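*Asks:* My questions are about this predicted structure, shown below with the sequence.
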Amino acid sequence: MKKLICVILTLVMALSLVACGSKETASVSTDGSTSMQKVINALGEAFMEDTGANFTYNATGSGTGIKAVKDGTCDIGLSSRYLKDSEKAEGLKETILAIDGIAIIVHTDNSVADLTVEQIAAIFKGEITNWSEVGVKDGEIVCIGREESSGTRDGFESITDTEDACVYRQELTSNGAVLTAVAENPNAIGYISLSSVKDTVKAISVGGVAPSEATIKDCSYAVQRPFVLVTKEGVALSETAQAFFDFATSSAANEIITAAGVVPAN
């Protein structure tokens, strides 16, 4: 009898484990741009609250997120730049989620208030090396930028026509790291996503136009770039990933996107 009871209990436990294992929680995984952290986390939290699904975001940089989609290691990639023709040729597809300004930031004690795109380019290329050359207090300019795979760097260098020409003192891996470096150095200048700007630094005007939601929306602020969702052409998303994609790109998400400091694309 005892032997029979043990066998029955073993079978019940085994069936329970099988049943538990079959109940997988629906999930969607995203990977990529660190600049998109604020907006993508806000969208993810709203999606989880509405659906009960799991949502994950891996902040690795635009280039890594694009590769993750290509390799099939995440559902949706996140890029803070347009896809290159070579990436599209590999079967990747871009959907613009929002438009973000790239803020040019300096130390709060720096009296510079406005620079042209041409002056910014000359500074980052090492052609202008002292703040006195742009009419402010004497001091050697220290250029802070992002790492090579960064979508923010790609956007900044494309807009300022400084690809492969910037002379950086530091190349950092996140908006937060650039913000901290500039906040700690009175002679520093850097660039970060507008949504990442804090009062520890000063965002200057470019060509007489201050970065804001309004100036990004009307395209009068020159230094701006897209926030892109990256998927594979001809490869269907899972039901949960598709539901998140549809939600994020719908007008229902616009309020969330705007609250995150960027301008909805639709």
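*Replies:* Noted; the coordinates are in hand.
*Asks:* The stretch 51-200 of the chain: helices as residue ranges?
*Replies:* 62-71, 85-89, 117-124, 151-160, 175-183 (DSSP state H, counting those that start in this stretch).
*Asks:* ranking those helices by mean pLDDT, which is last?
*Replies:* Ranked by mean pLDDT, the helices of the stretch 51-200 of the chain end with helix 151-160 at the bottom, a mean of 92.
*Asks:* got the contact list for that helix?
*Replies:* By Cβ atoms under 8 Å, 6 or more residues apart in numbering, the list of residues contacting helix 151-160 from outside reads 32-35, 61-63, 79-81, 102, 117, 120-121, 124, 145-147, 162-166, 175, 191-193, 222-225. (Glycine included, C-beta is placed from N, CA and C.)
*Asks:* So what angle separates the directions of that helix and helix 175-183?
*Replies:* Relative orientation of helix 151-160 with respect to helix 175-183: 60 degrees, computed using axes from the mean of the first three to the mean of the last three Cα atoms, to 10 degrees.
*Asks:* hey, where'd the strands end up in the stretch 51-200 of the chain?
*Replies:* 54-59, 76-79, 92-107, 114-115, 142-146, 170-172, 188-193 (DSSP state E, counting those that start in this stretch).
*Asks:* Take these and write them to TSV, including distance to Asn41 and mean pLDDT.
*Replies:* As requested, those are arranged in TSV below (distance: least, Cβ to Cβ, whole Å; pLDDT from 0 to 100):
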stretch	distance to Asn41	mean pLDDT
strand 54-59	6	96
strand 76-79	11	98
strand 92-107	13	96
strand 114-115	32	98
strand 142-146	20	97
strand 170-172	21	97
strand 188-193	13	96
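*Asks:* which of the ones you listed sits most buried?
*Replies:* Highest mean neighbour count of the strands of the stretch 51-200 of the chain: strand 76-79, a mean of 29 (counted as mean count of other Cβ atoms under 10 Å).
*Asks:* Can you give the strand pairings for it, parallel or anti for each?
*Replies:* In the sheet, strand 76-79 lines up against strand 27-32 (parallel), strand 224-232 (antiparallel) (DSSP bridges).
*Asks:* residues touching Gly44, list them.
*Replies:* Gly44 makes contacts with 30, 55-57, 244, as judged by Cβ under 8 Å, 6+ apart.
*Asks:* before we move on, what about Thr108?
*Replies:* Shown in contact with Thr108 (Cβ under 8 Å, 6+ apart): 183, 199-202.
*Asks:* can I see the domain layout of this protein?
*Replies:* Listed domain ranges for the chain are 30-99+225-264, 101-224 (source: automatic domain parsing).
*Asks:* what distance separates the start and the end of the last one?
*Replies:* In domain 101-224, first residue to last residue: 4 Å (Cα to Cα, to the nearest Å).
*Asks:* For Ala214, grab the count of nearby residues.
*Replies:* 11 (other Cβ atoms under 10 Å).
*Asks:* can you check the one 3 residues further on too?
*Replies:* Residues near Lys217, counting by other Cβ under 10 Å, number 14.
*Asks:* ok, now which ones touch the residue lying closest to it once chain neighbours are set aside?
*Replies:* In this structure, Lys217 finds its nearest non-sequential neighbour in Val263, 5.0 Å apart by Cβ to Cβ, 6 or more residues apart in numbering. Listed by Cβ under 8 Å, 6+ apart, the contact partners of Val263 are 98-100, 213, 216-217, 257.
*Asks:* Thanks again, I'm all set now.
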